[in-house]
Each structure stands twice: as C-alpha cells, then as structure tokens.
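> With the input below, show me the fold.
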Amino acid sequence: MKEIIMPKFGFNQETAEIVNWLVKPGERVERGQPIAEVTTDKINMEVEAPESGVIDGLQYQQGAVVPVTVVIGYILSPGETLPAGFVATGQVATPAAQQEAKPEPPQSKVQATPLATRIAQDQGVDLGQLQGSGPGGRVQRKDVEAYLYQAGPPGKVRAVPAARRLARERGVDLAELRGSGVRGRIQSSDVPAAMQQIPAASTPPPPATTSGMYNTALREIIPLVGMRRTIAERLQKSAQEAPHITFDIDVDVSAAEALRGRANNLLKPGQKRVSLTAILAKSVAWALQRNPLLNAWLLNAPQGQEIHVLASVNLGIAVALEAGLIVPVVPDAASKGILQLSAEINDLAERARSAKLRPDEVAEGTFTLTNLGMFGIDRFSAIINPPQVAILAASRISKQFIPGENDQPVVRPLMTLTLSADHRAVDGAVAARFMADLRQALEKPDSMTL
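Numbers count the residues shown, from 1 in each chain. You can find the predicted model right below:
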C-alpha cells in the first residue's frame with residue numbers, strides 16, 4: 001500500500017486546495033498519471049500517482065484545503081486492502097467502509113511524542129492532520145494544543161480549520177451542521193455536503209431591483225476564493241504593512257523603440273516579435289545591478305526584520321489571467337540579452353495563461369515589472385509583491401511635445417514609469433538613483449554595453 005501525499009510545491013507553501021479529483025476509488029492508475037488538480041497560493045498543479053495500482057481511501061473532497069505532506073489517499077497493489085478501522089477524513093470512501101470504521105483514527109505511522117499522542121487520543125484528534133514542529137516533523141504537544149485551539153474550545157462548534165474557512169467563504173452556519181469527524185467534529189467535506197441538502201426553495205433568489213430609482217439587478221456573485229483570495233490577502237497585507245513611496249518619470253522611448261526594431265530584424269522566421277516589455281526588462285535588470293538595494297527581500301527573522309540583498313536579478317513579469325494575476329520569474333535576467341529575454345518572457349506568459357507553469361517558475365522573484373501600456377493606461381502605481389521591496393509600473397506610450405534644441409517644441413514618444421518602493425528598506429535617494437539609471441538605459445541604450 002502506497003500513501004499519496006499532498007506535495008509541497010513551494011518553499012513557503014503550507015496548504016493546497018483540492019480543485020478536482022481526476023480519478024475515483026477503485027480505478028486503476030499508472031505511476032506518473034495525474035490523479036488530482038490542486039491550487040496553491042500561486043499556481044494550479046497536478047498531483048501524480050507515486051505508484052501504479054488501484055486508488056482507494058481518498059481522504060478529502062473537492063474544495064478541501066489540505067496541509068502539505070498530509071496523506072490524501074492510497075494506492076493499493078493486487079490483493080491489498082485498506083487497514084482495519086480506516087476512517088476517511090473527507091468522506092470520500094464508500095459508505096460501507098465508513099460504517100466499518102472504528103471511532104479512533106489510525107495514528108501508527110505518525111511520528112509524535114508520547115505526550116502529544118496521549119492528548120490527541122483523549123481529545124479525538126487525528127495526528128495525520130497535524131504538521132509537526134519537532135525534529136523530522138515530529139508532532140509535539142504544542143502542535144496538538146494549537147490544533148485544538150483552532151478547532152474551537154469546549155462548548156463551541158467543533159470544526160477543523162479548513163471547515164471553518166470554507167464555511168466563512170460560502171456563508172454556512174457551522175452550528176447548523178452535523179459533523180462526520182471524530183466526536184462530531186465538522187470536517188471540510190461536511191460544508192458542501194450540507195449545502196447540497198438545503199432545498200432550493202429555502203434560498204430565495206435575489207430581488208430583481210431594490211426599491212430605489214436605479215436598476216440594481218444582481219448580475220453575478222464572485223466568491224473570493226482560490227487565486228482571487230490569495231491575491232486579496234497578500235496585497236492587502238502589503239498595502240497595510242509596507243509604507244509605499246512612489247516615484248514617477250516620463251521617459252523618451254525613441255531610442256528604446258529603435259533598439260526594439262533592430263532586435264526584431266535579427267529574428268528568424270516564425271519567432272515572436274520582441275515587445276517593449278523585453279526592452280524594459282533588460283533596462284530594469286541593468287539598473288538593479290547598479291542599485292542593488294532595490295533587488296532585495298524584507299524578511300522576518302528571530303532577532304527582527306532583515307533586508308536580504310540578492311546577487312541575481314530574478315525578474316518577475318506580471319501576467320494578467322481571467323482568474324487573477326500571476327508573476328512568472330525570469331531568473332538571472334541581468335546576464336541575458338534582449339532576444340533571450342524576449343523568448344523567455346513570451347514562453348512564460350503563454351504557459352501562465354494555459355496553467356502550465358512549474359512551481360519554480362513563480363518562485364524567488366527579487367523585483368517585479370508590470371506593464372499595462374497595452375490597455376491604454378496613462379499612469380498607475382502598483383502594490384509591492386512581498387517579500388520584495390519594490391515594483392515598477394509601466395504605462396502606455398503617448399506622443400507629446402517637449403522642448404528640443406533651442407527650446408523648439410518637438411514631438412517625442414513618452415512613457416510614464418512609476419516605482420513603488422517599501423520605505424522601510426529603500427530610501428528616497430536610492431530609489432531616485434535607480435530611476436535615473438533606468439531613464440539612461442532606455443534613452444541611451446548604448447550605456448548598458450559600455
């Protein structure tokens with residue numbers, strides 16, 4: 001019997017939500033075959049079968065938010081069965097298996113201290129749902145106590161944290177639910193199951209209009225879940241905690257456009273055209289090398305916050321998706337030429353829109369570039385993507401009159417660039433020098449090769 005573990009796709013990842021099971025209990029799968037779709041705080045991924053065999057004992061239903069490294073199911077070899085007393089946490093097992101399950105969950109394979117084990121048994125806690133903080137992931141007493149605190153104190157509704165989160169998202173009163181877990185604890189699967197049992201007539205449709213003079217008919221309700229929820233949480237935290245300071249410059253992109261034209265002339269048939277984003281990426285990477293304090297992370301440490309200045313420029317390029325925003329990363333951008341940057345940016349953007357990015361391709365960005373020029377935006381300021389300390393926003397190119405030689409008006413293509421910096425880590429003079437170098441790189445591209 002082989003355990004199927006919820007994988008950890010990123011260094012800081014703690015949970016993943018099961019979007020869809022691609023198999024059913026009793027189905028035969030081959031090693032490497034996708035068996036589930038999950039979503040993290042950054043990307044959607046597939047969980048693959050670790051061995052060939054028969055799927056059984058799926059632990060969680062679709063919509064459940066599961067801690068990483070937790071067992072989510074099993075693969076059985078011919079002649080194998082689930083262990084006696086098996087309890088399916090998420091009620092995905094067959095009704096017969098649930099009826100035969102014993103009240104105490106299996107805990108023999110979980111590494112835990114004797115005290116943690118005794119407290120878990122007394123309180124009916126499945127140690128398999130906990131992430132241990134001890135050596136080698138060993139579950140300790142404080143881990144069990146923290147779990148019990150999240151599940152709710154005695155006298156209140158007993159529910160696992162994932163069920164509480166799902167209930168909040170879907171407007172379900174936990175007090176009205178009957179839990180299927182140990183000692184009646186509400187599991188994440190109980191929430192959607194309860195919603196399905198509510199008669200349709202008991203939920204009246206929204207009124208066509210209000211009593212006011214304007215038509216306020218409801219078009220759509222969009223739950224703040226998945227990627228949308230993650231974006232909301234991360235950017236709200238950044239906007240609240242990081243004191244943003246912004247710097248605007250208007251850049252003459254005549255020389256940058258000429259450079260782009262020369263780059264496009266070097267392309268082979270079938271290659272995608274070089275966009276201005278690639279020119280911006282090269283210029284930003286060059287300016288960051290000259291101003292490394294903006295190529296940094298602001299991190300929490302035991303002794304307080306620390307600024308980690310990074311050696312490589314791993315440039316994040318924001319890509320808009322229907323479900324939200326994703327920032328794939330071009331590693332070591334400063335060492336690459338414009339044609340290579342263009343090819344990598346085009347490839348990342350394509351695979352971002354088709355949900356085919358790998359976890360490492362959205363990790364460890366050190367600075368972010370976001371370009372809304374193609375949408376006709378004149379100027380905007382972006383929110384910093386933590387733990388980074390700065391982000392650059394690029395707007396559309398517009399032809400404007402500026403003073404030329406002898407102060408005669410001339411028409412030039414200008415682009416507004418706006419830097420948002422975390423004032424805890426970046427001083428105004430440092431940000432200003434970066435913007436001056438960025439202007440030089442775009443208006444005099446030869447500077448980058450001198």
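> Now do stretch 59-76, average pLDDT.
Confidence for stretch 59-76, expressed as mean pLDDT, is 87.
> For it, could you pull out the residues that count as buried?
59-68, 70-76 (16 or more other Cβ atoms under 10 Å). Yep, even glycine has a C-beta here, placed from its N, CA and C like the rest.
> element containing Pro50, please.
Pro50 belongs to no helix or strand when elements are defined using DSSP states H and E.
> Hmm, it is touching Ile75, no?
Yes: assessed by Cβ atoms under 8 Å, Pro50 is found in contact with Ile75 at 6.9 Å.
> Check the contact lists of these two and give me the overlap.
Common contacts of Pro50 and Ile75 (Cβ atoms under 8 Å, 6 or more residues apart in numbering): Lys2, Ile4.
> Residues touching stretch 17-25, excluding its own?
Contacts of stretch 17-25 (Cβ under 8 Å, 6+ apart): 29, 34-40, 44, 46, 55-58, 60-66, 72, 92-94, 226.
> what comes up buried for that stretch?
Result for stretch 17-25 [16+ other Cβ under 10 Å]: buried residues Glu17, Ile18, Val19, Trp21, Leu22, Val23, Pro25.
> Can you show me the strands along the stretch 51-200 of the chain?
For the stretch 51-200 of the chain, applying DSSP state E, counting those that start in this stretch gives strands covering 53-56, 65-67, 71-76.
> which one of these lies closest to Ala232?
strand 65-67 (15.7 Å; Cβ to Cβ).
> And that closest one, what does it pack against?
strand 15-21, helix 161-170 (3 or more Cβ pairs under 8 Å, 6 or more residues apart in numbering; DSSP states H and E).
> Find the least confident helix or strand in the protein, judged by mean pLDDT.
Evaluated with mean pLDDT, DSSP states H and E, the helix-and-strand set of the chain has its lowest mean pLDDT in helix 95-100, which scores a mean of 36.
> mind listing the helices for this structure?
95-100, 114-123, 141-151, 161-170, 190-197, 226-241, 254-265, 276-290, 338-353, 428-443 (DSSP state H).
> mind listing what Glu30 touches?
Going by Cβ under 8 Å, 6+ apart, the list of residues near Glu30 reads Ala49, Ser52.
> can we see that at 6 Å?
Ser52 (Cβ atoms under 6 Å, 6 or more residues apart in numbering).
> What of the one 4 residues further on?
With Cβ under 6 Å, 6+ apart as the criterion, the residues that contact Pro34 are Leu22, Glu46, Glu48.
> Neighbours of the residue nearest to the last one when sequence neighbours are not counted, how many?
Pointing back at Glu48 there. Nearest residue to Glu48 in three dimensions, chain neighbours excluded: Gly32, at 5.2 Å (Cβ to Cβ, 6 or more residues apart in numbering). By the criterion of other Cβ atoms under 10 Å, Gly32 has 11 neighbours.
> hmm, back to that, closest to Glu176 out of the helices of the chain?
Nearest to Glu176 among the helices of the chain is helix 190-197; the distance by Cβ to Cβ comes to 7.4 Å.
> Quick check: mean pLDDT of that closest one?
For helix 190-197, the per-residue pLDDT averages 71.
> Rebuild the strands of the stretch 51-200 of the chain as TSV, extending it with distance to Arg412.
Putting these into TSV (distance: least, Cβ to Cβ, whole Å) gives the following:
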stretch	distance to Arg412
strand 53-56	64
strand 65-67	52
strand 71-76	58
